[in-house]
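Q: Build the 3D model from these lines:
(one chain, ligands or ions: 1)
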Amino acid sequence: MTKQNRLSVEALKWTGNALQILDQRKVPERIVYQDFDTAEEVSRAIASMRVRGAPAIGIAAAYGVVLSVRRHAGENAADWRAKVDADIDGLAKSRPTAVNLFWALDRMKKTLDAHPDTPLAAVLAEAEKIHADDIAANRAMGERGADLIGSAKGVLTHCNAGALATGGYGTALSVIRSLYSRRPVQVYAGETRPWLQGARLTVWELSQDGIPATLIADSAAAWLMRSGAVDWVIVGADRIAANGDAANKIGTYALAVLARQHGVKFMVVAPTSTIDWTIADGSRIEIEERDPAELLPACYREQDSLVQAWNPVFDVTPSELIDAIVTETGVVPNPSADGMARLRMS
Ligand SMILES: CSC[C@H]1O[C@H](OP(=O)(O)O)[C@H](O)[C@@H]1O
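A: Residues are numbered from 1 along each chain as shown. Below you'll find the predicted structure:
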């Protein structure tokens, strides 16, 4: 196993007694892991972005349900399920855009319905399966994406769609890890304002695997593409509609427009758990708006400041600007509703 293939970085880990989460608000200055042992704490960890990234959010929530069942199932059987369902509702309210959160919670509810007499063992097995399946999916996507990229000399990624956003190995960064295990490739990472997932997380995560990356300001992306240094933009996703429209970190849509302008290919890498088949297109995806204080300099954060901020943290890239959606079960070139339907049937 090459250095790029081992799980050198983990966003979260089930310790057997608690959910251990790397506090990503502090990376890379400080590497701080914290144990959480209630569903409410896991909800807060997701909402505050201690743990973030669509698949990682879903996995964390699944373990949050395990913690809830462990706490309530030993009580009076008559109402333990009501208390667990209340915790599940709390987890569902932690962040709105990443569909993996709701997909994972739905799987946990179905598991509880199917195993009323052995709930704790059943939900723990299901959470661990969701976690393990995500890592396997990421490795499969990495190979599929690397095959598609072939002999490209340079790639640009945005935000962090790596091991820190998933159960391990990453989605977009799994493609980069797989590429790098075959041959060197020039990796550019956008800083990804305002939360700096690229500048703080992606370049650090890749360096842990010995993969060099060049950090760029978000505003330098057009000039970089015009230089001809980049053949592909590779990103993750938080929710993909049935026609292939993809919600991802704010700034992704701009990169797709720039890529089309400069003849650069655009790849979205996401497990099928990120596809929301219930929505026909991206217009129905709820875009999270976070606290303006995450964007505003401290001097403008006063209540009566004339300076305000609009802080949407996702945007939607229309499928017509995407050259390929790579999933663990297949690749959808030039995604459309028909192409996505064929993926679903495969
Ligand atoms: C592999 S999905 C990662 C996805 O999640 C990020 O959002 P956030 O950091 O706010 O959770 C971003 O959209 C990434 O592409």
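Q: mind checking pLDDT for the nearest residue to residue 282 once chain neighbours are set aside?
A: Leaving out its chain neighbours, the residue that sits closest to residue 282 by Cβ to Cβ, 6 or more residues apart in numbering is residue 245, at 2.9 Å. Glycine gets a C-beta too; all of them are placed from N, C-alpha and C. Residue 245 is assigned 98 on the pLDDT scale.
Q: who touches residue 245 in this structure?
A: 281-283, 285, 316-319 (Cβ atoms under 8 Å, 6 or more residues apart in numbering).
Q: Now which of the residues you listed would you call buried?
A: 282, 285, 316-319 (16 or more other Cβ atoms under 10 Å).
Q: gap between the residue nearest to residue 282 and residue 337?
A: Counting by Cβ to Cβ, to the nearest Å, the gap from residue 245 to residue 337 is 10 Å.
Q: Okay, and the beta partners of residue 312?
A: When assigned by DSSP bridges, residue 312 has beta-bridge partners residue 289.
Q: That one - how many residues pack around it?
A: Using other Cβ atoms under 10 Å, the number of residues around residue 312 comes to 11.
Q: Now do the buried residues in stretch 196-212.
A: Of the residues in stretch 196-212, 196-206, 209, 211 count as buried by neighbour count, 16+ other Cβ under 10 Å.
Q: First-to-last residue distance for it?
A: Terminal residues of stretch 196-212 are spaced 18 Å apart (Cα to Cα, to the nearest Å).
Q: Over to stretch 21-30?
A: Taking Cα to Cα as the criterion, the two ends of stretch 21-30 lie 13 Å apart.
Q: List the contacts of it.
A: For stretch 21-30, the surrounding residues in contact (Cβ under 8 Å, 6+ apart) are 10-12, 31-36, 42, 45, 48-52, 60, 164, 200-201, 204.
Q: Those residues, buried ones only, as a PyMOL selection?
A: To isolate the buried ones among the contacts of stretch 21-30 in PyMOL, judged by 16+ other Cβ under 10 Å, type:
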select buried, resi 10+11+12+36+42+45+49+50+51+52+60+164+200+201+204
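Q: Among the contacts of stretch 21-30, which ones are in strands?
A: Of these, the ones assigned to strands by DSSP state E are 12, 33-36.
Q: Redo the residues you listed as TSV? Include distance to the ligand and pLDDT.
A: Converted to TSV, the ones in strands among the contacts of stretch 21-30 look like this (distance: Cβ to the nearest ligand atom, whole Å; pLDDT from 0 to 100):
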residue	distance to the ligand	pLDDT
12	13	98
33	18	97
34	18	97
35	21	98
36	17	98
